[in-house]
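Chemist: Provided below for reference: sequence and predicted model.
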Amino acid sequence: MTTPASSTADNHAWLRRQARWSPYELAFWLAVLIPFWVFPTYLTLASQIAITALFAVSVDLVLGYAGIVTLGHAMFFGLGAYAAGLLTKAGWGEPLSGLVLSGLLTALVGLLVSFMIVRVQHLALLMITLGLGLLTAELANSLGWLTGGTDGLQGVDVWPVFNHFEFDLWGYTAYAYALAALFVGVAAARRIVHSSFGLSLRGVRENLNRMPAIGSPWRRHLQIVYTISAGMAGIAGAVLTHTTETVSLDSLSFQRSADVVVMLILGGTGRLYGAILGAAIFMIARDQLSDMNPQYWYFWIGLLLMLVVLFMPKGILGGLSGLLRRLGG
Amino acid sequence: MIARIAAALTLGVGLAFSAQANAQDTVKIGLIMAYSGPFADTANQMQAGIDLYIAQHGDEVAGKKIEIIKKDTGGPKADEAKRLAQELVVRDGVDILAGFTLTPEALGAAGVADQGKKFMVVMNAATSIITEKSPNIVRTSMTIPQLNTAFGKWAFEKAGVKQAYTLVADYAPGHDAEKSFAKGFTDAGGKIVGADTSPMGPPDFSAFVQRIKDASPEAVFVFIPGGAQPPALGKALAQRGLTPPDVKLLAQGELTFPEAIESMGDTAKGIITTFNYTMERDDPTNNAFVKAYREANGGRSPDIYSVGGYDGMHLIYEALKKTGGDTSAEALVEASKGMSWESPRGKMTIDPETRDVIQSVYIREVKEVDGKLQNVVIDEIPEVKDPLHGMAN
Amino acid sequence: MIGNLAIVLFDGLAFGMLLFVLSVGLSVTLGLMNFVNLAHGAFAMLGGYVTVLVTRELGLPFLWSLPAAFIVAALVSVGFERTLFRRLYRAGELNQVLFTIGLVFAASAAAAYVFGTAQQPIQLPQFLRGVTEFAGLRFGSYRIFLIIIALVITGLLVLGLEYTRFGAQIRAAVDNQRAAQGLGIDVDTVFAVTFALGSGLAGLGGALAIEMVGLDPSFGFHYLVYMMIVVSVGGLGSIAGSFVAASLLGIADVAGKYFVPDLGAFMIYLIMIAVLFLRPQGLFGKR
């Protein structure tokens, strides 16, 4: 039997072990650099995948770890995109500070919304996030003087990164920029999920009724993670604005909210890298299939989703890691 | 350091590769449209127009073979359109960017046409500012202000309408239409007695139609996108008894697309619409076009999107002939400026100053001809320009 | 003025009834069987295309096409239920979401391939086309027809689920599958029939919707959100709840657009958020 003090120390050691970067992860982060040299004509796609992956990681934080099923996260993605775009229109086109400001703004909105979110569960939660997302999109449409309505925001002008790297036609800067944002986002998310705070979130996900019994301030925890997730989604949106110099209403759309959840489940929830893998597979499949058949490609996407559910019910990453475990004995 | 050199090398190889593709005897045209999603029908009609032109005129121009590469945006997504345009330029080495069913697509790709120095042909997207985004852009469709400012003026001066109520769909093209109709109409002396915008959700117009009935205006001006909305609005108006001759119904041509007329039935009679192309207009060029189009598309009739694509290809072919196969944006834009031809829609000209279309605006009325309801041209306003270009917006 | 109000209420109710017919089947499958069937809209679309085929290709009258739409959608859905969906009953909500949304993608592409992307107009019989005058007011005949159908469906469903042997079996099978099986209820068949009923209603809704909101391959996506709003506001599994929610949303939507047109697009969402925040289980929900 251990004393309480040493058991706490053990727990912390366990958390630290969990938080260590595994060789697989290092290999992954080296692999994502490959496109720079091997697929230089796919860098624009790669940068949009990185942006979507960051968005999916932000959703994984709330959905995969805290069990908040959301169908309205494009609300934050789009807010971040518009905030970044409006900032450049106001004359401040410096991207890095633009990211920070957009992230802070969406986090603030996320905080406000979180007071509502933590009071509902299940279908009501899902529908309220969806409703808020749709309301935001309608609002952006009716504020045409500010947002440009369906035509999109005009006159977005982003300065070079570090005053030196222009966003080029090939997408070198865009991919490096988006990848850096994704890396920082994942590193932050890792810190969060491998902390005792992250564990308490999983507790909420697994059994909400028990959390008050062990004295966990679970509502506050949910609010914090929701706020962080909103900020991260906003940063993803801002990266999209910076790398494409366009902002359209589509960034707030229900379709974007739904697609990101689909990608996340496809890759595997509650694993962070599942979000990245899901985004990559979904977007590469869409790109390749729509090149082959621009009119009916989504038939094959639908088939892909159905097959994954039937054969890899824990998502692609879940399926892969299960396979690895079995091979390893 | 090594990484930088490697990057520079691959960049060099890539550029050499795309340059080589250019040097070969093909002209690559990248089409960016919403082939899937809720606006897919527009893209399908435009593609059919493009295909028909190529089928009729061969795939070789000025000694070069025409190669088409299709890219799907899935909807009004500026970022997707921009990425696809970038990929078309750096990976596929296209010479010309074309298509653009929706305004956000064209606006997204405009920067690439500018930065990558590519000729860009807008075959549908109808917001005025698009051609101002880059000197490499030419348009073969129309602009909403072009049609509706002229239509507003016509309504007051020729149709004798003194006051009107406007109902437009709540999105940018709808707002453009409302503004430009009101401008043409009030400048001529008319009065707008009420204006509503209807959300883009499910097409249930009963509330707005009742508001119009309450105001009992002399005329109603409508702008809604094609698809599910026109028949729904037509029927809602009919249920309230808001049909000609009791009320004059004015609209941009989407309201009386063939499917919409079929669905509305006799209540569509007397609706007056404006468009830059009318399938039923009796003219040898047009009749031949309509016949060939129906044969190639299982009986489906062409619409403005088909004509936009057809004329867009005509512009590309003729410009290539003039430049002798030179595909630089500068040469193609120069060749396009002032080009004038007899299109299925009638005479059209590329304005040398704005690179936009100068064309006739047709006024049509739904009438029964040989037992079938159709849009009959009742007036033609020739050589109309977009009224907004050159004005700071 | 009173006349205007009556007309606005009537139109709103009729629109709500369309939402009701489209959604009530989803309330049955989602509420009673706990199966998140986002493909519900795809079955509605199927019903719509069946009507188009039956009226246009076979030349049969519109009224005949309605049972056809119900039956085809029900049969096709049972095919899916027996071969695929049943494997997912225990697979968790997220997998059900992914699978059924995949089915919507595939169905939508298939519809675009087979029927093209254009709108599908249909011809209604004369008596459904015009308006019916009553007390000096003009009511759309089709809207009256829609309200009657919705009332009939509500009556049949409530009676069937509450007062018949089969209804009792459904409720038993849902409440406790094992106990129901022990009592000799064939749970598999009960689930299959329930699913067929839900999807058949979707098919009927799709057929009825063409005249009001049109039909194209994106139908399955477009109306999914509205279906979910009705089901969640009404309360899962409650027929009466769906009926009340659909009426409320339809009337509020039309009245909102009429009285405060600038708020028109927001009304449905605002009401949904307010209701669910105050009553997360929905108006008639039990949980």
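Modeler: Cool, the structure landed. Being a predicted model, the structure only gives us computed values, none of them experimental.

Chemist: kindly report the residues of chain B close to chain C.
Modeler: Contacts of chain B with chain C, taken as CB under 8 Å from any CB of the partner chain, map to B:36-38, B:40-41, B:44, B:170, B:196-204, B:206-208, B:210-211, B:214, B:227-229, B:231-232, B:235, B:239-241, B:259-260, B:262-263, B:265, B:300. Every C-beta, even on glycine, is put in place using the N, C-alpha and C of the backbone.

Chemist: those, buried ones only, as a PyMOL selection?
Modeler: The buried subset of the residues of chain B next to chain C, as determined by 16 or more other CB atoms under 10 Å in any protein chain shown, is captured in PyMOL by this line:
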select buried, chain B and resi 36+37+38+40+41+44+170+196+197+198+199+200+201+202+203+204+206+207+208+210+211+227+228+229+231+232+235+239+240+259+260+262+263+265+300
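
Chemist: which ones among the residues of chain B next to chain C map onto helices?
Modeler: B:40-41, B:44, B:206-208, B:210-211, B:214, B:229, B:231-232, B:235, B:239, B:259-260, B:262-263 (DSSP state H).

Chemist: restrict the residues you listed to those near chain A?
Modeler: Applying CB under 8 Å from any CB to those, those adjacent to chain A are B:40, B:44.

Chemist: separation between residue A:152 and chain C?
Modeler: Computed as CB to the nearest CB, to the nearest Å, the residue A:152 to chain C distance reads 19 Å.

Chemist: which ones are touching the residue in the stretch 251-393 of chain B that chain C sits nearest to?
Modeler: Using CB to the nearest CB, residue B:263 is the residue of the stretch 251-393 of chain B that sits closest to chain C, at 3.7 Å. Taking CB atoms under 8 Å, 6 or more residues apart in numbering or on different chains, we find residue B:263 in contact with B:231, B:234, B:235, C:119, C:121, C:122.

Chemist: all the helices of the stretch 201-350 of chain B, in order from the start?
Modeler: Ranges of helices within the stretch 201-350 of chain B are B:206-215, B:229-239, B:258-264, B:284-296, B:304-323, B:329-336, based on DSSP state H, counting those that start in this stretch.

Chemist: re earlier: so which of the contacts of residue B:263 sits lowest on pLDDT?
Modeler: Across the set of the contacts of residue B:263, residue C:121 stands lowest in pLDDT, at 82.

Chemist: residue contacts, that one?
Modeler: Per CB under 8 Å, 6+ apart, neighbours of residue C:121: B:231, B:259, B:260, B:262, B:263.

Chemist: recalculate using a threshold of 10 Å.
Modeler: Neighbouring residues of residue C:121 by CB atoms under 10 Å, 6 or more residues apart in numbering or on different chains: B:231, B:258-265, C:52, C:56, C:210-211, C:214-215.

Chemist: number of nearby residues for residue 165?
Modeler: Answering for chain A, as no chain was given. 14 (other CB atoms under 10 Å in any protein chain shown).

Chemist: let's do chain B instead
Modeler: 24.

Chemist: do I have it right that residue B:360 meets residue B:383?
Modeler: Yes. When contacts are counted by CB atoms under 10 Å, residue B:360 is listed as touching residue B:383 (7.1 Å).

Chemist: am I right that residue A:25 is in contact with residue A:271?
Modeler: No. Using CB under 10 Å as the test, residue A:25 is too far from residue A:271 to be in contact (11.4 Å).

Chemist: grab the nearest non-local neighbour of the most centrally placed residue in chain A.
Modeler: Taking CA atoms, centre = their mean, the centroid of chain A lies closest to residue A:55, which sits 2.1 Å from it. Leaving aside its sequence neighbours, residue A:55 sits nearest to residue A:236 (CB to CB, 6 or more residues apart in numbering or on different chains; 4.1 Å).

Chemist: any idea which helix or strand carries that neighbour?
Modeler: Assigned by DSSP states H and E, residue A:236 belongs to helix A:218-244.

Chemist: who does that helix touch, helix- and strand-wise?
Modeler: Secondary-structure packing of helix A:218-244 (3 or more CB pairs under 10 Å, 6 or more residues apart in numbering or on different chains; DSSP states H and E): helix A:43-60, helix A:74-89, helix A:95-117, helix A:172-193, helix A:196-206, helix A:210-213, helix A:254-267, helix B:78-90.

Chemist: wait, which of those is closest to residue C:110?
Modeler: Among the helices and strands packed on helix A:218-244, the nearest to residue C:110 by CB to CB is helix A:254-267 (18.8 Å).

Chemist: is chain B contacted by the next helix or strand after that closest one?
Modeler: Moving toward the C-terminus from helix A:254-267, the next helix or strand (DSSP H and E) is helix A:273-292. Yes. Interface with chain B: helix A:273-292 contributes A:286, A:287, A:289, A:290, A:291 (CB under 10 Å from any CB of the partner chain).

Chemist: coming back round to it: what's the closest of the contacts of residue B:263 to chain A?
Modeler: Using CB to the nearest CB, the contacts of residue B:263 come closest to chain A at residue C:119, 17.1 Å.

Chemist: I'd guess the closest one is in a helix, am I close?
Modeler: No. Read with DSSP: H, G, I helix; E, B strand; the rest coil, residue C:119 is coil and lies in no helix.

Chemist: check contacts around it.
Modeler: Counting by CB under 10 Å, 6+ apart, residue C:119 has contacts B:41, B:226-231, B:257, B:259-260, B:262-263, C:210, C:214-216.

Chemist: give me that answer again for 7 Å
Modeler: Listed by CB atoms under 7 Å, 6 or more residues apart in numbering or on different chains, the contact partners of residue C:119 are B:227, B:228, B:259, C:214, C:215, C:216.

Chemist: surely residue A:64 touches residue A:267?
Modeler: No. Residue A:64 lies out of contact with residue A:267 (CB atoms under 7 Å); the separation is 9.8 Å.

Chemist: shaky segments in the chain?
Modeler: Chain wasn't specified; assuming chain A. A:1-8, A:329 (pLDDT under 70).

Chemist: not quite, I wanted chain B
Modeler: Along chain B, the model assigns pLDDT under 70 to residues B:1-24, B:390-393.

Chemist: repeat that for 50
Modeler: B:1-22, B:392-393 (pLDDT under 50).

Chemist: and it, what are its domain boundaries?
Modeler: B:2-142+B:285-355, B:145-275+B:361-384 (automatic domain parsing).

Chemist: could I get those as TSV with distance to residue A:99?
Modeler: Output for the domains of chain B, formatted as TSV (distance: least, CB to CB, whole Å):
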stretch	distance to residue A:99
domain B:2-142+B:285-355	17
domain B:145-275+B:361-384	28
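
Chemist: just give me the neighbour total for residue B:29.
Modeler: The number of residues packed near residue B:29 is 25, by other CB under 10 Å.

Chemist: what's the answer for residue A:73, then?
Modeler: Quick note: residue A:73 (other CB under 10 Å) scores 30 neighbours.

Chemist: same thing with residue C:84?
Modeler: Counted with other CB under 10 Å, the neighbours of residue C:84 add up to 15.

Chemist: how close does it sit to chain B?
Modeler: Distance of residue C:84 to chain B, computed by CB to the nearest CB: 24 Å.

Chemist: ok, now residue A:150?
Modeler: Relative to chain B, residue A:150 is positioned 4 Å away (CB to the nearest CB).

Chemist: pretty sure that residue belongs to a strand, no?
Modeler: No. Read with three-state DSSP, residue A:150 is helix and lies in no strand.

Chemist: these two touch, right, it and residue A:249?
Modeler: Yes. When contacts are counted by CB under 7 Å, residue A:150 is listed as touching residue A:249 (5.6 Å).
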